[in-house]
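Novice: can't give you the sequence, but here's the structure:
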C-alpha cells in the first residue's frame, strides 16, 4: 500500500502571470512509496530569476498550474517496494482473496481451472473482490487483433460495468465464472483475411490462464484469446499458444528418444528490449506524417545527428521531461507487475530503451503490449510523444525490439546452457543435439523467420548499419562452432566454453572475465550464452507471430530427430548428420559486409530483401505443411494471415503517400512560393505520387499491389523527398511551417531555459 508519510518544509511563493495570482506552494513535499511529488527549484521572492527545469518556453512555464509545475521537478525520496505488483492478480496478492473462496494460489496456477466451471466461478468472485477493493468497477476481456500497427496499445477491449441489480432493485457488484470464461464479439470488423464477414461475424473471447489479470484505472483486464465461430484464430495470441504446446510436446518426445524420461514438457522464456523515441509534443502537432503514420516522410537532416556517438547510454538529463516520463513509465509498469528494470539512452538523439526481466513468452508479450501503451500515455502527460515506429527519422538509427529467446524444461533446466543441461541429465551429447535441431530449424525455415519480421517499418531499418541484414543466419562464435564441428566429426564430450581474463594494466583494479563468444551485432539471430537474440524484430511489432514461428520450427526438428531415433537410429548419429547438412547457417563474420548477401545466396541461405516477398513465405507449400502438421495454422488461416499482412503493408504505404501529398500541397509548395522560389519540381513530385498511388489502387492482385506499394515507397517517395528536403534547406526558417528535425530531435537543447517571473 502507499505510505502516507509526508515531509514538508516552509512555504515559498511563485508569482504567476496567469490571472496575476500569487500562489503558495510547499517546495519539499515528498510521499514515500510512490512517485515523489517534486519540489520547487528556486525561491521566487520579488523578480528573482527562476531556473525552470523542463520548460520548453517562458509561456509554457507561466501557464502551468501547481500540479503541472510539480511534475517537471525532480527530487529524491527513500526507495520503497510498496505498491509494486499490487494491481496484478497473482501470487500473494491473489492468494488472500482466493482463500475467501476456499481456494489457494495453487488453484490459480493450475490452469485446468478453465475446464472447471465451479472453480472458475470462485476465481471470478475472488477477482471481483480484489478489484473492487482496489477501486475498479468495470472489467474487460483484453485481446490482440491481427495487424494492429496503429491501434493504441495494439489490443482491443470492451469495458463492462460490474454492476447488476438484485431482486430488491438495489445495485451490487457481480462477476461470474461464466463471464470470465467466455464472451462474444464481432469478428468481421477486425483484419481477418476473409475468415469473417458482416453476414458471418460471430467471434468469441476466452480467458488466457497463462497471463495474469491486471488492473488499471477503474477496470481490470482479463487477457484473452480471440477466435471465430468456426474456431479460426483471429488474433496474435492463439497461434502462439498452439506453437508453445507443439514445442513442449516435441521437447518431451526428443528427450525421451535420447534416454531422458523425466522431462514432461518445455517452456519458452523471452526478454524483450523495447526501443522508442521521445519527441516534443508541440512539434509533433506540426507534423501530419508523424501524427498519422509515426514516420517522417520528409525532413532535412540538421548539422548534427548521431555522428559523435554522444547519445548512446549517456546520462539521462534529469532536468528534462524524458527523465520524469521514463521514471513514471517504470512506476506504472511496476504497479501491474511488469519488471521493467532497465532504462537508458539509445544511439540516436531522443532515442531510449527499456528492458524487463526474462519471463514466459505469453506473459512477456502481454507485458510488452501494455508497456507500449503506457509509454504513449505517460509521454503525453509530460509534453512528449512516444514514437514506436521502426524508422521515424531518416539519417539516424531506427528502433528495434530484440527478442531474447530461450528454452527450459518445466523444472528449470536451460536447454541452451550446456552446463545446466549436462549437470541435470549427465549426458554431454544433449547440448549438441539441441543445437543441431536449432541450426537445422533456422536453415530450413529462415524464410519464415524473415516473414515474422516483415513489418512496414523494417523496410528502412534492416541492414542499415543499425540492424541485422535481411539474410537469415546465426552467429555462434568460433569456440562453439569448433566444438560443434568436432562433435559432427565424432568427438562427443562436454562443451566447456573457454573464458579469458582481461587485465586493465593497473594492479589495484579488478581483472575481468570474458566469455567465449564476442558480441556480433550484425547477426539477425546470434547465440549469446543460454539464449538466442532475434535482433531483427521491429519496435512496433507484437512479437507473438515471431515467437510462434520460432517455437514451431524447433518443434518440427525435435520431432524429426525423435522420429528417426524411434525407428532405430542413434540420436548422436542423427544430430551429426543434421550438422553436416545445416552448419552452413552459421556465419561468424560481419553481416554488414557488402559481399555477405551474395555469399549467403551462394551457400543456399534465405536472402529476402523486400517485405512483400517475405510475407508471401507464409503460404509457401513447405511452410503451410509445417504449420498444419504441427497444429498451428490451417491452410485457410495461413492464407488469411498472409492477406492481412499484405493489406497492412499496402495500407501503411498509402497513408504515408497521402500524407506526403497533403504536406507538399499545404506546406512545402506554399512555403517555397512565399520565399520566392520556383515550385515546379515540387508540383511534378505531387503528380508522381498521385500516379503511383493510382497504380497501386488499380491492381487487383494483393501480392502485386504490395510490390507496387513498395516501389512507390522506396523509389518514388524517396525521389520526391529529396526535392522537398532541398527546398527546406533554402527556405527561411520563419517561412517553413513544418517542424524540422532540429526541433524534433534535440530535447536536451530545449531544456533548462531561464525564465523570469512577471
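Specialist: Sure thing, it's come through. All of these numbers come straight from a predicted model, not from anything done at the bench.
Novice: now do the SS call for the closest residue to residue 105 other than its chain neighbours.
Specialist: Using C-beta to C-beta, 6 or more residues apart in numbering and skipping residues adjacent in sequence, the residue nearest residue 105 is residue 95, 4.1 Å away. C-beta: built from backbone N, CA, C; applies to glycine. Taking DSSP: H, G, I helix; E, B strand; the rest coil as the rule, one finds residue 95 in the helix state.
Novice: what's the separation between residue 95 and residue 223?
Specialist: Here residue 95 is placed at a distance of 20 Å from residue 223 (C-beta to C-beta, to the nearest Å).
Novice: ok, residue 343 next?
Specialist: From residue 343 to residue 223 the distance is 25 Å (C-beta to C-beta).
Novice: circling back: if I look at the residue nearest to residue 105, how far off is residue 123?
Specialist: With the distance defined as C-beta to C-beta, residue 95 ends up 12 Å from residue 123.
Novice: who has more neighbours out of those two?
Specialist: For residue 95 and residue 123, the more surrounded residue by other C-beta atoms under 10 Å is residue 123, and the numbers stand at 28 against 16.
Novice: now do the strands in the stretch 101-250 of the chain.
Specialist: Secondary structure of the stretch 101-250 of the chain (DSSP state E, counting those that start in this stretch): strands located at 138-142, 160-161, 163-165, 171-173, 182-186, 202-207, 214-216, 219-228.
Novice: let me have those in a markdown table, adding mean pLDDT, mean neighbour count and distance to residue 658 as columns.
Specialist: Listed next are those as a markdown table, based on pLDDT from 0 to 100; neighbours: other C-beta atoms under 10 Å; distance: least, C-beta to C-beta, whole Å:
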| stretch | mean pLDDT | mean neighbour count | distance to residue 658 |
| --- | --- | --- | --- |
| strand 138-142 | 97 | 22 | 32 |
| strand 160-161 | 95 | 14 | 37 |
| strand 163-165 | 90 | 11 | 44 |
| strand 171-173 | 91 | 12 | 47 |
| strand 182-186 | 94 | 15 | 28 |
| strand 202-207 | 96 | 20 | 31 |
| strand 214-216 | 97 | 20 | 34 |
| strand 219-228 | 98 | 24 | 30 |
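Novice: doesn't residue 365 fall inside a helix?
Specialist: Yes. Under three-state DSSP, residue 365 sits within a helix.
Novice: give me the number of neighbouring residues for it.
Specialist: Residue 365: 26 surrounding residues under other C-beta under 10 Å.
Novice: contacting residues for it?
Specialist: By C-beta atoms under 8 Å, 6 or more residues apart in numbering, the residues touching residue 365 are 237, 240, 270, 272, 542-544, 547.
Novice: what's near enough to touch residue 552?
Specialist: Residues counted as contacts of residue 552 (C-beta under 8 Å, 6+ apart) are 243, 246-247, 448, 626-627, 630, 632.
Novice: okay, and which of the residues you listed map to helices?
Specialist: Those of the contacts of residue 552 mapping onto helices are 243, 246-247, 448, 626-627, per DSSP state H.
Novice: among these, which one lies nearest to residue 491?
Specialist: Distance ranking of these against residue 491, using C-beta to C-beta, places residue 247 first at 29.2 Å.
Novice: list the contacts of that closest one.
Specialist: Neighbour list for residue 247: 266, 268, 407, 551-552, 554-555, 558 [criterion: C-beta under 8 Å, 6+ apart].
Novice: in helices, which of those residues fall?
Specialist: Checking the contacts of residue 247 against DSSP H, those in helices are 551-552, 554-555, 558.
Novice: nearest to residue 529, of the residues you listed?
Specialist: After measuring these against residue 529 - C-beta to C-beta - the closest member comes out as residue 554, at 18.2 Å.
Novice: does residue 243 really touch residue 546, like I thought?
Specialist: No. The criterion here is C-beta atoms under 8 Å, and residue 243 misses it with residue 546 at 10.5 Å.
Novice: before we move on, the earlier item: drop anything exposed from the ones in helices among the contacts of residue 247.
Specialist: For those, a burial check counting by 16 or more other C-beta atoms under 10 Å picks out 551-552, 554-555, 558.
Novice: all strands in the stretch 651-758 of the chain, in order from the N-terminus.
Specialist: Taking DSSP E, counting those that start in this stretch, the strands of the stretch 651-758 of the chain run over residues 754-756.
Novice: quick one: the helices in it?
Specialist: Remark: helices assigned in the stretch 651-758 of the chain by DSSP state H, counting those that start in this stretch are 669-674, 680-698, 702-711, 717-730, 741-745.
Novice: out of these, which comes closest to residue 256?
Specialist: Residue 256 lies closest, by C-beta to C-beta, to one member of the helices of the stretch 651-758 of the chain: helix 702-711, at 42.8 Å.
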